[in-house]
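Q: dropping a prediction and its sequence here:
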Amino acid sequence: MDKYSKWRDADTGINPFLPTKGRRTESTQWSEALAHVKNLLGPLAAIAKLAVLALIALLAFLLVHILGAVLTPLPLLRREWDKVVAFLCGRLALFLLGFYSITVEEVLPHKSKLSLREKNSIKKTTLRSMEPGDIIIANHSSYIDILYLATMYAPTFTQISPDANTLRAIPLHEALLATGAYPILNHPAANLTLATLVARARADPRTYGPIVVFPEATTTNGRALLRACDVWEGLKEQDAPRLHLVGLRYPCEEFSPAYVVGGKLSHLIGLASQFVNRLVVRVAFHHDAHFEGVVGWRHEAVGVGKNVGFHQRSSKSPSGTPVKKSVGGSTPVKRALGKMEEASEEIDVDRGSVTLHTAVEDMLVEVSKLKLTRLTVKDKASFFDFWINMKK
């Protein structure tokens, strides 16, 4: 019996914790010669790259904390300065690690339910900026996730305490160090709700920025998703924040950028030894239509209109057929919202009311194009224990 079978998901047959190798292409004389060159020069190139990365990190620290301190009396300007430094230094670091070109695709969830005109209308009314207090929800499989998000959005990263479904804000360097580390299921310092953190970010945009949440609370090997921690309670009790979903994948042929367990430095050397790495990003920017039909969720700040929001789905008629709601008007966006809601009512027949937690899980599956397993961060902790004992 496979010694890792305990952590193979029964539904998908995937073990999301086992380090994987990329899919090798057919071997040729040219590819074998290239492999020999890589084995010879890769480690030397990796050492040089890591030295330059250390210099970039030092430069970023000086620009943000020393030179940036001059801009402290001007909070908005300081925030823009931090974003520029994060982008320039982060993109240079990604380039050094072989991510020369990053594929970014904008995704429209539930697009199969919409006509072409309705899709275009939603795209035109989508706000693509990520502001302080917005929530970026992403799958997590590598420290490159952290580096990419820091480069693009200069956000606030968080660490989840799964037992309590609370979290804490952490700086960039701590987020990088925490990637792939042993999951702390009950972190004493993670005592904030997400709603509280959103409120703080809105009150102090210079300090916080957008908030990154990895709902799986740990890393996987990039082949599947874990069940999300339910950290969303309380968000509906205040002005609803905008939720952006991001899926990150690393197509590879040999060494996988996904980091699950093992030595982080050795993994980084292996990643830097590769001359080319790939990252594919799929982003679903917030739109009211994406969450139409979510129970108890209210959103009046952005979207197609302040009267179009998230609310309790209607009950079924005595005959058992869903009662269709009218969203008013006849614009393509409003018709799209109506179709979203009708689709949600049909789903209600089988699985009951759709909560924000369920909606986020479903959308993350669609955006990331990964299958959802029944495993959780607690299973990752038990796998970690087994892995450590096996390596002794």
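A: Okay, I see it.

Q: isn't there a helix covering Leu364?
A: Yes - under DSSP: H, G, I helix; E, B strand; the rest coil, Leu364 sits within a helix.

Q: for it, what are its contacts?
A: Listed by C-beta atoms under 8 Å, 6 or more residues apart in numbering, the contact partners of Leu364 are 137, 139, 215, 225, 228, 245, 247. Placement of C-beta: from N, CA and C, glycine included.

Q: let's go with 10 Å and repeat that
A: Contact partners of Leu364, counting by C-beta atoms under 10 Å, 6 or more residues apart in numbering, are 109, 137-139, 215-216, 225, 228, 245-247, 284, 370, 372.

Q: those residues: which two are farthest apart?
A: Pro109 and Glu216 (18.8 Å; C-beta to C-beta).

Q: so which of the two has more stuff around it?
A: When neighbours are counted by other C-beta atoms under 10 Å, Pro109 and Glu216 differ, and Glu216 comes out ahead with 25 against 21.

Q: look up the closest residue to the more buried one, ignoring the ones flanking it.
A: Ranked by C-beta to C-beta, 6 or more residues apart in numbering and with sequence neighbours excluded, the top spatial neighbour of Glu216 is Leu226, at 4.2 Å.

Q: quick check: that neighbour vs Thr12, distance?
A: Leu226 sits 12 Å away from Thr12, going by C-beta to C-beta, to the nearest Å.

Q: got any residues that touch both of the two?
A: Counting by C-beta under 10 Å, 6+ apart, the residues touching both Leu226 and Thr12 are 372-375.

Q: list just the nearest of those residues to Thr166.
A: The closest of the shared contacts of Leu226 and Thr12 to Thr166 turns out to be Leu375 (C-beta to C-beta; 21.5 Å).

Q: related to what we said a few turns ago, I'd like the shared contacts of Leu226 and Thr12 laid out as CSV, including pLDDT and neighbour count.
A: Output for the shared contacts of Leu226 and Thr12, formatted as CSV (pLDDT from 0 to 100; neighbours: other C-beta atoms under 10 Å):
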residue, pLDDT, neighbour count
Leu372, 95, 18
Thr373, 96, 23
Arg374, 95, 11
Leu375, 96, 26
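
Q: out of the residues you listed, which are inside strands?
A: Among these, the members found in strands (DSSP state E) are Leu372.

Q: possible to save the shared contacts of Leu226 and Thr12 as JSON lines with distance to Tyr208?
A: Formatted as JSON lines, the entries for the shared contacts of Leu226 and Thr12 read as follows, by distance: C-beta to C-beta, whole Å:
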{"residue": "Leu372", "distance to Tyr208": "30"}
{"residue": "Thr373", "distance to Tyr208": "32"}
{"residue": "Arg374", "distance to Tyr208": "34"}
{"residue": "Leu375", "distance to Tyr208": "31"}
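
Q: ok, the shared contacts of Leu226 and Thr12 vs Ala54, which is closest?
A: Within the set of the shared contacts of Leu226 and Thr12, Leu375 lies nearest Ala54; the separation is 35.9 Å, counting by C-beta to C-beta.

Q: for Leu40, see how far away that closest one is.
A: From Leu375 to Leu40 the distance is 40 Å (C-beta to C-beta).

Q: contacts only, for the residue nearest to Glu216.
A: For Leu226, the contact set (C-beta under 10 Å, 6+ apart) comprises 9, 16-17, 139-140, 214-220, 361, 372-380.

Q: go on, Arg223?
A: 9, 12, 14-18, 20, 141, 249, 256, 258, 370-371, 373.

Q: least confident of these?
A: Ranked by pLDDT, the contacts of Arg223 bottom out at Thr20, which has 81.

Q: burial measure for that residue, as a count.
A: For Thr20, the number of neighbouring residues by other C-beta under 10 Å comes to 15.

Q: tell me the phi and psi of it?
A: Per-residue torsions, Thr20: phi -120, psi 160 (degrees, to the nearest 10).

Q: now it: closest residue in space, sequence neighbours ignored.
A: Asn221 (4.9 Å).

Q: same thing with Arg227?
A: What sits nearest to Arg227 in space, not counting adjacent residues and going by C-beta to C-beta, 6+ apart, is Thr376, at 4.7 Å.

Q: do I have it right that the one you found meets Ile160?
A: No - no contact is recorded between Thr376 and Ile160 when judged using C-beta atoms under 10 Å, the distance being 11.5 Å.

Q: what residues are shared contacts of those two?
A: Between them, Thr376 and Ile160 share the neighbouring residues 183, 185, 216-218, 228-229, with contact defined by C-beta under 10 Å, 6+ apart.

Q: mind listing what the residue nearest in space to the middle of the chain touches?
A: With distances taken as C-alpha atoms, centre = their mean, the residue of the chain nearest its centroid is Ala138 (1.0 Å). Shown here is Ala138, whose contacts under the criterion C-beta under 10 Å, 6+ apart are 145-146, 148-149, 212-216, 244-248, 281, 283, 364, 367-368.
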